[in-house]
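Engineer: this is the structure alone, sequence omitted:
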């Protein structure tokens, strides 16, 4: 027979070996465990999916270009997503990779993200050149290509839009890449640059056709186009958009035209706020 001291020690050891049940823990420790578990799950989900405005880079011919990609909150890799390529204006040229999100479609997304259930690619043009410059066009298309792969973009639902200098870029890029875009939205752009633009900047826009508007319209073909322009625009003459509208109609194109009376150069804020615009764009597909 063992003594009483030994029996009590054994009893304590047996009690220590018993598994700890949830009921025996203080409520606060159970809550801590639950919160830590939720945090771990949240961290894993965040690591798997990035949304919002994302910084990206592309290297082309030895040059590195920064660009932004907007990814909607509801994005997931379970389906293919429509993709919009946005070309900014002359005032946003540079190398910071950020300022192009602060004018035009970026502003519209921040105000009404629910209207943009799509991926939006926003490259940045360098100073001293326009989007029609071969290198600038190439880096924009490369950013589009990379975004299509990274965010599971639908190649049959790729759209092109731009404002001012980007409106010119929309026309030139669409004309040079027939059949690439399911719809176009050029805003306060044109084909012939304003006289104030330096010849060195506008050189890449040169169109030696007898009628550059007709030539551009023929190259755009049946691609659906919605043109926007301010009727009182003193920076880019509204006649540029009127001529393109007429040329597309003459060639049997699929075109809509919206002119805002008494609106100056900034017609993009009204255009991107149009509640009908995104449904119209996202309804279009190549096949």
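Structural biologist: Thanks, I have the structure now. Predicted, not measured: the structure shown is a model, and the values here were computed from it.
Engineer: what is the burial count for the closest residue to residue 182 other than its chain neighbours?
Structural biologist: Excluding the flanking residues, the one nearest residue 182 by C-beta to C-beta, 6 or more residues apart in numbering is residue 284, at 4.4 Å. For glycine as for every other residue, the C-beta is placed from the backbone atoms N, C-alpha and C. Look at residue 284: counted by other C-beta atoms under 10 Å, it has 19 neighbours.
Engineer: what about residue 249, which SS state?
Structural biologist: Under DSSP: H, G, I helix; E, B strand; the rest coil, the three-state class of residue 249 is helix.
Engineer: so it is in contact with residue 255, correct?
Structural biologist: Yes: in this structure residue 249 lies within contact range of residue 255 using C-beta atoms under 8 Å: 6.3 Å.
Engineer: identify the contacts common to these two.
Structural biologist: Common neighbours of residue 249 and residue 255 are not found (criterion: C-beta atoms under 8 Å, 6 or more residues apart in numbering).
Engineer: and those two? Which one has more around it.
Structural biologist: Higher neighbour count among residue 249 and residue 255: residue 255, with 20 against 13, using other C-beta under 10 Å.
Engineer: pairing partners for the one helix or strand residue 185 maps to, with directions?
Structural biologist: Residue 185 belongs to strand 183-187 when elements are defined using DSSP states H and E. Sheet pairing of strand 183-187 (DSSP bridges) gives strand 153-163 (parallel), strand 225-230 (parallel).
Engineer: let me have these in CSV, extended by mean neighbour count, mean pLDDT and distance to residue 242.
Structural biologist: Converted to CSV, these look like this (neighbours: other C-beta atoms under 10 Å; pLDDT from 0 to 100; distance: least, C-beta to C-beta, whole Å):
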stretch, mean neighbour count, mean pLDDT, distance to residue 242
strand 153-163, 23, 98, 17
strand 225-230, 25, 98, 8
